[in-house]
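Q: Pasting the sequence and the predicted model now:
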Amino acid sequence: MTVALSETDMPMIRTRRISAVPRGGRRPWTFYALATVFTLYVAALYGPMICIYILSFQDIRGGLVFPMKGRSLHWFIDLFTQVRTGDVNGSFDRSIKLAVLVTVITLVVSLMAGLAFRRRFSGDTFVFYTMIGSLVAPGLVLGLGVGLLFQWIGISPGWYTSALGAQLSWTLPFGVLVMFAVMSRFNSVWEEAARDLGATRWQTIRLVVIPVLAPGLVAVALFGFTLSYDEFARTLQTAGSLNTLPLEIWSMTLNVTSPSLYALGTVTTIVSFIIIGASIGAITIINKRRGVRATGH
Amino acid sequence: MRAGAGDIELAGLCKSYDGVTNVVDGVNLKIPDGAYCCFLGPSGCGKTTILRMIAGHEEPTAGEIVIGGENVAGLAPVERRTAMMFQSYALFPHLTVRDNIAFALRVRGQSKAERYKAADLMMEKVRLTELAYRLPANLSGGQQQRVALARAAITEPRVLLLDEPLSALDEQLRVQMRQELRRMQRELGITFVHVTHTQLEAIALADIVVVMEKGKIKQAGRARDVYAYPRDRYVAEFLGGQNVLSGKVEKVGDGLLVLSQPNRSGIQVRLDAEVRVAVGDRIDLAVRRDDIELVRADAGGPSDGATALPSRVTAIEYQGSFVKVMLDTVPDDDFVAYIPERTFFRDPFTVGDVLLATWSAGRARVLA
Amino acid sequence: MRRPSLSTWLYVTPLMLVLVPFFLLPTLVVLVASFLETDGFGGLLPTFTLANYADVLTSAQTFHLYVATLKFAFLTWLFTLIIGFLVAYFLVFHVQNQLLAIGLFLICTIPFWTSNIIRMISWIPLLGKEGLVNSALLGTGLIREPLEVLLYSGLAVVIAYVHQLTIFMVVPIFNSLARIDKRVVEAALDAGASRLDVMLYLIIPMSKSGIALGSTFVISIVMGDFFVVKVMSGGSSASVVSAFYENVGVLQYPIAAASAMLLTLVLIAMIALILRLVDIRREITQ
C-alpha cells in the first residue's frame, strides 16, 4: 500500500536531509573546525618543550632565548660535570631510586585496594573520599602537616620515610583510580572458573587475576613512576636535606641562568619518554597477543 | 574413566536472595548416574541457580543436594567432583588452549610433563590437537566450546554442569555442537546437567527433561513424555507442538465433550475414552498441532467420529517441511495446525479461508 | 561468592596505612596548629587561641589574595573546559578510527608525564621579550614593540595554567563521552533532531560527570598552587598558597596553618558544590 506524501510531511524531510549524520565520508564543517582546534592544542602543548630541546643543543655561546647560537652537546656535558649547576647526578640518582620504590608499592597497594572495591563493604565510602581528599589537597599544606607531625613525633624528615609517604599519598589515589577503570573491564567469571577447577584464592590471584590485568598493572606502574619522578610540592617539605630532581631543578631555576637548565630538561624528558614508550609498548604487545582490540574487549 | 557414582538427588531445594521471594522453590528431583539431564525453562525460572547450587557456587537457603550418595553441603566445587562449563566459556584469555586445559592439573601441583601429557590426551579426544598453542581470542565459537569442555572434563568429574552452552553459537553451529555434546557424554559416561531455554535442544539431547517455571518443577521425564504428554498447560505451551483449549464443561458423555469459553460456547470434542470430568469443571484440553487436518467446509464434511470445528485462517507461515496455519478456532486461545508441506500445497489455503479443523477422536487429551 | 567484610578490609589496609599518616593526620595536625601560638622560633606553644584565624580573616591581604586566586581559578576553569571539551568531543565523535583516537589521546597525555617544572621554564624562550612569539609578531609588522605582557604577568599565569591543566579536563570528559552509546545519538538524529539539539540535550548532559570531575581537579590544583603563579607572574601577582609559603618560610607555623585551614574550607565548599550536581563515585567505579 502506498500513500502519497502530504505537504505537511515535506518540511520534516527537508530538515532531516540537512541534519543527517555524515555517512560515506562526507564530513560536516564542524569536523574541520574541531580538527583545527585540536591541532592548535597539540602544537601549543608541545611547542614550548620543543623550544627547550632545540635550545639545549647550543654551543658555549648560547643564551636563554632564540636565535640559536651554534650546535653542540656543550651544555649537556656542563650539566653533569660542573659543580655550580647543582648536584644533578646525585639528585637524579635519588629520584630514580625513590620513583622505583614508589612504583612497586603503588602497584601492590593499588591492586589490593582495587580488588577490595569490587564489592561494597562497610566504610567503603569513607575510604573512597579519603582517597579523593588526598588527591585534591594542596601539596604544600600536606607537606607542612607531615613536617610538623614528624617534628612532634621526633623523627627527622628523611628520604625513605616522610618523602616516600608524601609521594605515596599522591600516587596511590591515582593508582587506585586507574585500577577502578581496569577492574570494570575484568570479568569475574574467570575467577569462578578457576575456583571451579580447584584453584585456591591465592592461586587464582597469581595465575589468573594478575596475568589478565597485566596491561592495567603496567599503566598503574607508569603512573606511579612518573608521578613520583615529577613530584614537587609534597616532596619539598618532606625531603630533608637531600634533593630529588624536581627540587634540584627548582633551586636551579632560582640560581642558574644558562642553557644547562634546558639541557637538564631535555635529559629528564628523554628518561620520561623511555619509560612511557616501554610501558605502552608492553601494553600493546600483551594486548595484541591476546587479541584484545583497542576498545578493550 | 570415572570412579564414584554421579547420581544426583535434590531434596526440598530452596534458594532466596532477599528472604522474601524464592528463586528456587522446593525442588525435588532424582537424576540417575550417567544420564543426560536438561533443565528447560524461560529466563528467571531458577534453572541456572539450581545448576550453580549443584556446582557449589551458590549455597542453598534450604534443602539438600546429594551426589553419589554424599551430601555435598558446604563442600567446595572441586571437593564435590563436579565441573562446570560456563555460559560464555570463561576461557582464560592469557593462556593457550593447552594451558587452559591443563589448568586444573596445574593448581593441583602436577608437574609440567604430567599435566601436558594429560592435556594432550584430552585434546585428541575433542579433536583440538592442531590448535594447542592458540589463544582463545583466535578460536571460533565451536572451538572455544570444545576447549571449555576439555578443560572441565580433565578433572574427571562425576557430574558435568553446562550453563546454556550453545546459546552463544549461531543456529547451524548449534545443531552441530549438540551432537558433539552427546558424543562426549556417551564417551565419558558421566552425568551431564545441561541448562537451556530452547525446547528443541532439550528434547534432542536429554534422557530426562525437567521443565521449570518460577522456581518449581512442572514436569520431569523422558523427552517424549514431556513433549507428547504434557501434564499441564504451561508445559504444553512451553514445549510447543500442542494446542490447549481451556473452558468449562457444558456436557459430557457418549464420547462427546462440550466445552464453553467466555467468547464461544458449544465447542464439541469427540473423545474415545472415559474422562473423569463433571459438568461445570474447568479443564484444559490438549491436541497436538500435527494431529490436525484442515478440510474445506464445503468438501463433504469430516470422517465420522472426528471432531470438526469451523475456523478461519488468520495467518500462514512456511516452515520448510511443514506449514504452520494459524486459525481462530477458539477465540480465547491460540490454535495452530502443522500441515505437511506437500499436503498443504496440493490445495493451499489463504488467509481468510473458512474451513474445518479436524482431528480423530483419540487425539485430544485432558490435562491435569 | 560472598567475602566477609574483614578480609576485604585487610585488602584496603595498606592503602589506609599510607593515607592516614600522610593525609588524615597531617591535616589534623595543621588544624590543631592553627589554634596554637608560635614561640617565634618555629616552635608551638600549647595555648589555645583564635588569634591566628582573626589575623587571617581580617587582613586585607587575605581578601585580595583570594580574589586574585579565585580569578585565576575561574579563568583557568573556563578555558580548560572549553578547550578540553572541544578536544575530547573531536576525539570521540569525529575521529572514525578507534586506534587513531586512542593514539591521538595518548599524544595529548604524554606531556603530562614530563616534568612540569621544565614545562614552566620552557615559556621563557617563547613568550619572553626576545622570545619567538614576539619576534614573529615584530617580524610580520603586527606590533611595533615587543609585548611585555606575554611573560611575567597575569596573562602568562593563566596561559601556563591552561596549558598544564587542560589535560585534566580532556581525560574525564573523554571518558564520559566515550561511554555515550552512539546508537542513542543516531536514534535522535533519525527522529529529526538537529545536531545542535543533540549536543544540547544529549551530549552535554551525559558528559556532566566528566565535566564535574575535571572541574574538581582543575579548581583544586589552581587554588592549591603557588609555584606557577610565582614563576609566571615574576612576582607581580601572588596567590593564597604563596603567602602561606612565605609564612612557613619565616617559621610562622600557626598563621600558616590557619590560612591553610581556610583554604581547605573554601576548597571543600567548592567541591561539595560540584558534587551536589553529580555523583562522582558512580562515575568512577562503573
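A: Thanks, I have the structure now.
Q: can you list the residues of the stretch 51-200 of chain A near chain B?
A: In this structure, the stretch 51-200 of chain A approaches chain B at residues A:187, A:189-190, A:192-200, judged by CB under 8 Å from any CB of the partner chain. Using the backbone N, CA and C atoms, a C-beta is placed for each residue, glycine as well.
Q: now do 10 Å
A: Proximity of the stretch 51-200 of chain A to chain B, by CB under 10 Å from any CB of the partner chain, involves residues A:187-200.
Q: Rebuild these as CSV, extending it with secondary structure, neighbour count and pLDDT.
A: Conversion of these to CSV gives the following (DSSP: H, G, I helix; E, B strand; the rest coil; neighbours: other CB atoms under 10 Å in any protein chain shown; pLDDT from 0 to 100):
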residue, secondary structure, neighbour count, pLDDT
A:Asn187, coil, 12, 80
A:Ser188, coil, 12, 84
A:Val189, helix, 14, 90
A:Trp190, helix, 20, 91
A:Glu191, helix, 19, 91
A:Glu192, helix, 19, 91
A:Ala193, helix, 28, 93
A:Ala194, helix, 23, 93
A:Arg195, helix, 23, 91
A:Asp196, helix, 27, 92
A:Leu197, coil, 26, 92
A:Gly198, coil, 19, 90
A:Ala199, coil, 22, 90
A:Thr200, coil, 13, 91
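Q: check those against chain C, which are close?
A: A:188, A:191-192, A:195.
Q: Tell me which two of those residues sit farthest apart.
A: A:Ser188 and A:Arg195 (10.4 Å; CB to CB).
Q: neighbours around the residue of chain B at minimum distance from chain A, how many?
A: When CB to the nearest CB is the measure, chain B has its nearest residue to chain A at B:Ala137, with 2.7 Å between them. Around B:Ala137 there are 16 other residues, counting by other CB atoms under 10 Å in any protein chain shown.
Q: and if you look at B:Asn71?
A: Other residues lying near B:Asn71 total 12 when counted by other CB under 10 Å.
Q: And it, how far from C:Trp9?
A: Computed with CB to CB, to the nearest Å, the distance linking B:Asn71 and C:Trp9 is 34 Å.
Q: Please apply the same query to B:Arg264.
A: Taking CB to CB, one finds B:Arg264 at 67 Å from C:Trp9.
Q: does stretch C:156-168 come close to chain A?
A: Yes - counting by CB under 10 Å from any CB, contacts between stretch C:156-168 and chain A involve C:159-160, C:162-164, C:166-167.
Q: same question, stretch B:66-81
A: Yes - against chain A, stretch B:66-81 shows contacts by CB under 10 Å from any CB at B:76-79.
Q: can I get those in a markdown table with secondary structure and pLDDT?
A: Below are the residues of stretch B:66-81 next to chain A laid out as a markdown table (DSSP: H, G, I helix; E, B strand; the rest coil; pLDDT from 0 to 100):
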| residue | secondary structure | pLDDT |
| --- | --- | --- |
| B:Ala76 | coil | 88 |
| B:Pro77 | helix | 89 |
| B:Val78 | helix | 87 |
| B:Glu79 | helix | 89 |
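Q: quick one: which of the residues you listed is most hemmed in?
A: Of all the residues of stretch B:66-81 next to chain A, the most densely surrounded is B:Pro77 (23 neighbours; neighbours counted as other CB under 10 Å).
Q: Grab the nearest non-local neighbour of that one.
A: B:Gly56 (3.9 Å; CB to CB, 6 or more residues apart in numbering or on different chains).
Q: Could you report the separation of that neighbour from chain C?
A: Separation of B:Gly56 from chain C (CB to the nearest CB, to the nearest Å): 10 Å.
Q: okay, now that residue: neighbour count?
A: Quick note: B:Gly56 (other CB under 10 Å) scores 23 neighbours.
Q: contact partners of the worst-scoring helix or strand of chain B on mean pLDDT?
A: Here the helix or strand of chain B ranked lowest by mean pLDDT, DSSP states H and E is strand B:264-270, holding a mean of 79. Outside strand B:264-270, the residues that touch it by CB atoms under 10 Å, 6 or more residues apart in numbering or on different chains are B:245, B:247-248, B:250-252, B:254-261, B:285, B:287, B:302, B:304-309, B:328-332, B:358-364, B:366.
Q: List just the nearest of the residues of stretch C:156-168 next to chain A to B:Arg342.
A: Using CB to CB, C:Ile167 is the member of those that lies nearest B:Arg342, at 72.1 Å.
Q: Would you confirm that that closest one contacts C:Leu106?
A: No - between C:Ile167 and C:Leu106 there is no contact under CB atoms under 10 Å: 11.4 Å.
Q: higher neighbour count, these two?
A: Using other CB under 10 Å as the criterion, C:Ile167 and C:Leu106 rank with C:Ile167 on top: 21 against 11.
Q: Within the helices and strands, which one has the more buried one?
A: Element membership for C:Ile167, per DSSP states H and E: helix C:154-179.
Q: re earlier: adding distance to B:Asp170 and pLDDT as columns, could you present the residues of stretch C:156-168 next to chain A in CSV?
A: Listed next are these as CSV, based on distance: CB to CB, whole Å; pLDDT from 0 to 100:
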residue, distance to B:Asp170, pLDDT
C:Ile159, 58, 86
C:Ala160, 58, 85
C:Val162, 53, 89
C:His163, 53, 87
C:Gln164, 52, 84
C:Thr166, 47, 89
C:Ile167, 44, 86
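Q: near chain B, which of those residues show up?
A: Applying CB under 10 Å from any CB to those, none is adjacent to chain B.
Q: How about the residues of chain B by chain C?
A: B:57-59.
Q: Narrow the residues you listed to just the buried residues.
A: Listed as buried from the residues of chain B next to chain C are B:57-58; burial here means 16 or more other CB atoms under 10 Å in any protein chain shown.
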